[in-house]
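K.L.:
Make a model of this:
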Amino acid sequence: MVVISNGFSKVHLSLAAAEANRRGLLTAFLTGAYPTPPLRALLALPGLRSNKKLNRLIARGEQIDDTLVRALFFPELVHQIGRRFKNFAMILSALRMYSRAVIPQVSRASADGARIYHYMSGYGGDSVTVAKDLGLVALCDHASVHPAVVEEFVGRLGRMREFWRKDVQRDLENADAVLVNSAFVESTFKLAGFDCSRVHVNYLGVDDAFLRQVPHREGRGEGDLRLLFAGHFNKWKGADIIIDALRRLEGLPWRFEIAGRLHPQIVMENPSFFSDPRVRTLGFLSRNQLATVMSRADVLLFPSRAEGSARVVFEALACGCYVVTTPNSGSIVKDGVHGSLVPPGDILAVAGAIEDAHRDRQRTAEIGRQNADLVRSKYRQCDYGDKLESLYKKLLGNERKKDVPAC
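P.N.:
Purely as a prediction, here's the structure:
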């Protein structure tokens, strides 16, 4: 019933494809580099097993029938080279190369019975027009704020402005329907004057593969307050706010871990912070390692200026963390229920939220336990899949639900 176009890297559309495949709804999964059977066999060779980058490629695999996967390696290779050398023209060329390369795959999927073309914004291009000409419903998946207002939230886009204002906006305007993954993103569409009757919200769930790796949490409410950030530690995600907030809490016993890549400018501007023995940088972690790190943290700090729906917030909730974040993170966090909601860019609010979490450690721990229970009861990957299936049927004018294997 549906052909799903993921684009590059591992994004949530691979989970959408896995859920559609489990329900017998997937006609084809179009993506960039992907661990196909021949590649998996090659990467299993002893000399390649320990390579971190290759293991990240293997981690892109999902429970999707290999015969339905159409992996387009060359456009993503061009994209990676462009990123490596900061060549914007090459990056943009790779994105448009992908949108052209999927056209014959969309036509083939249509002939095989697909009725919906579910694609990631920025990767649609001319393939959307082709899909609609073939009679498919065009569903654009957009995981960030509306391109017309993006600079209001994250600042100037520089050379990426053309991509957002031309390619991404074109994909949204050409769609029959738009899927976003948080109420916050929907609100930015309203701000941009977009026809919100075409916008549908479906929060992402935490996949079972991650939940299975979450260890038992031990020792709460004692010692230093264990703080964590996960993701790209940059100003967009509030790195500068976290640093300034922690500098204001010299009398409070805390330890802070950063799981992810550090933006060079942040490091250059704050040498004393990163030399503080209470601060530990962990670099890129596997999902198993991330689950372990999250399960020993008391509080996730994620004061992002704008997200679609930050996966790390849901993962931290699943691991039993108290969460300090902003409404702009696109999460389900409610102030005083799952942690603390703070205004974007508010240093004093972040510092105050950390103090509140330390002031009543038992309450902080109890909220963390409730967060873990909430994710397992309402925000698993299969819950996302159930809502996605309902949307597909709604778009086709058929809301009859079929039997689905249990999660």
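
K.L.:
Please list all residues in contact with Asn288.
P.N.:
Gln213 (C-beta atoms under 8 Å, 6 or more residues apart in numbering). The C-beta positions use only the backbone N, C-alpha and C, and glycine is treated the same way.

K.L.:
Before we go further, it is sitting in a helix, right?
P.N.:
Yes: the assignment for Asn288 is a helix, going by DSSP: H, G, I helix; E, B strand; the rest coil.

K.L.:
any idea how far Asn55 is from it?
P.N.:
11 Å (C-beta to C-beta, to the nearest Å).

K.L.:
One more: Ala318?
P.N.:
Taken as C-beta to C-beta, the span from Ala318 to Asn55 is 22 Å.

K.L.:
So for the two, which sits in the more crowded spot?
P.N.:
Between Ala318 and Asn55, counted using other C-beta atoms under 10 Å, Ala318 has the larger neighbour count: 25 against 13.

K.L.:
where's the residue nearest to that one when sequence neighbours are not counted relative to Gly223, distance?
P.N.:
Excluding the flanking residues, the one nearest Ala318 by C-beta to C-beta, 6 or more residues apart in numbering is Val375, at 4.1 Å. Counting by C-beta to C-beta, the gap between Val375 and Gly223 amounts to 26 Å.

K.L.:
again, but for Phe194
P.N.:
Distance from Phe194 to Gly223, by C-beta to C-beta: 49 Å.

K.L.:
who has more neighbours, these two?
P.N.:
Phe194 (19 against 10).

K.L.:
Quick check, that one in contact with Leu172.
P.N.:
Yes: the pair Phe194 / Leu172 is scored as a contact, 7.3 Å apart, by C-beta atoms under 8 Å.

K.L.:
what is in contact with these two at once?
P.N.:
With contacts defined as C-beta under 8 Å, 6+ apart, the residues shared by Phe194 and Leu172 are His146, Val178.

K.L.:
from the chain's centre, how far out does the helix or strand where Ala316 lies sit?
P.N.:
Assigned by DSSP states H and E, Ala316 belongs to helix 311-318. Averaging C-alpha positions (C-alpha atoms, centre = their mean, to the nearest Å) puts helix 311-318 10 Å from its chain's average.

K.L.:
Contacts for that helix, please.
P.N.:
12, 203-206, 210-211, 214, 228, 230-231, 290-291, 294, 297, 300, 302, 323, 325, 329, 331-333, 338, 371-372, 374-376, 379.

K.L.:
Let me know the average pLDDT across it.
P.N.:
Average pLDDT, helix 311-318: 97.

K.L.:
Then stretch 386-399?
P.N.:
The average pLDDT within stretch 386-399 is 90.

K.L.:
which other residues reach that stretch?
P.N.:
With C-beta under 8 Å, 6+ apart, stretch 386-399 has contacts from 1-2, 16, 19-20, 23, 25, 115-116, 137, 139, 176-177, 179, 200, 202, 400-401, 404.

K.L.:
Can you select the buried ones among these for me in PyMOL?
P.N.:
Those of those that count as buried under 16 or more other C-beta atoms under 10 Å are selected in PyMOL with:
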select buried, resi 1+2+16+19+20+23+25+115+116+137+139+176+177+179+200+202
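
K.L.:
In helices only, show me the contacts of stretch 386-399.
P.N.:
If you go by DSSP state H, the contacts of stretch 386-399 have Ala16, Glu19, Ala20 in helices.

K.L.:
Identify the residues contacting the residue nearest to the last one when sequence neighbours are not counted.
P.N.:
If I follow you right, that is Ala20. Excluding the flanking residues, the one nearest Ala20 by C-beta to C-beta, 6+ apart is Leu26, at 4.0 Å. For Leu26, the contact set (C-beta under 8 Å, 6+ apart) comprises Met1, Val2, Val3, Ile4, Ala17, Ala20, Ile64, Asp65, Leu68.

K.L.:
Name whatever forms a beta bridge with Leu26.
P.N.:
Val2 (DSSP bridges).

K.L.:
thinking again about what came up before, which of the three states applies to the residue nearest to Ala318?
P.N.:
Assignment for Val375 (three-state DSSP): helix.

K.L.:
ok, it touching Leu204?
P.N.:
No: using C-beta under 8 Å, Val375 is not in contact with Leu204, being 11.1 Å away.

K.L.:
Name the next helix or strand downstream of the helix or strand of the chain with the lowest mean pLDDT, please.
P.N.:
Every helix and strand of the chain was ranked by mean pLDDT, DSSP states H and E. The lowest is helix 52-58, at a mean of 82. For helix 52-58, the following helix or strand on the C-terminal side (DSSP H and E) is strand 69-71.

K.L.:
That next one packs against which elements?
P.N.:
strand 26-31 (3 or more C-beta pairs under 8 Å, 6 or more residues apart in numbering; DSSP states H and E).

K.L.:
Sort out which residues of the strand it packs on are buried, please.
P.N.:
Leu26, Thr27, Ala28, Phe29, Leu30, Thr31.

K.L.:
Need the CA coordinates for it. PDB is fine.
P.N.:
The C-alpha trace of strand 26-31 is given here as PDB (Å, rounded to 0.1, in the frame of the first residue of the first chain):
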ATOM      1  CA  LEU A  26       5.100  -1.900   2.700                       C
ATOM      2  CA  THR A  27       5.600  -2.000  -1.100                       C
ATOM      3  CA  ALA A  28       9.100  -0.600  -1.200                       C
ATOM      4  CA  PHE A  29      11.600   1.100   1.100                       C
ATOM      5  CA  LEU A  30      13.800   3.700  -0.700                       C
ATOM      6  CA  THR A  31      16.900   4.900   1.100                       C
END
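
K.L.:
Report the rounded mean pLDDT for the following helix or strand past that strand.
P.N.:
Following strand 26-31 in sequence order, the next helix or strand is helix 37-43 (DSSP H and E). Average pLDDT, helix 37-43: 88.

K.L.:
who touches Val267 in this structure?
P.N.:
Phe274.
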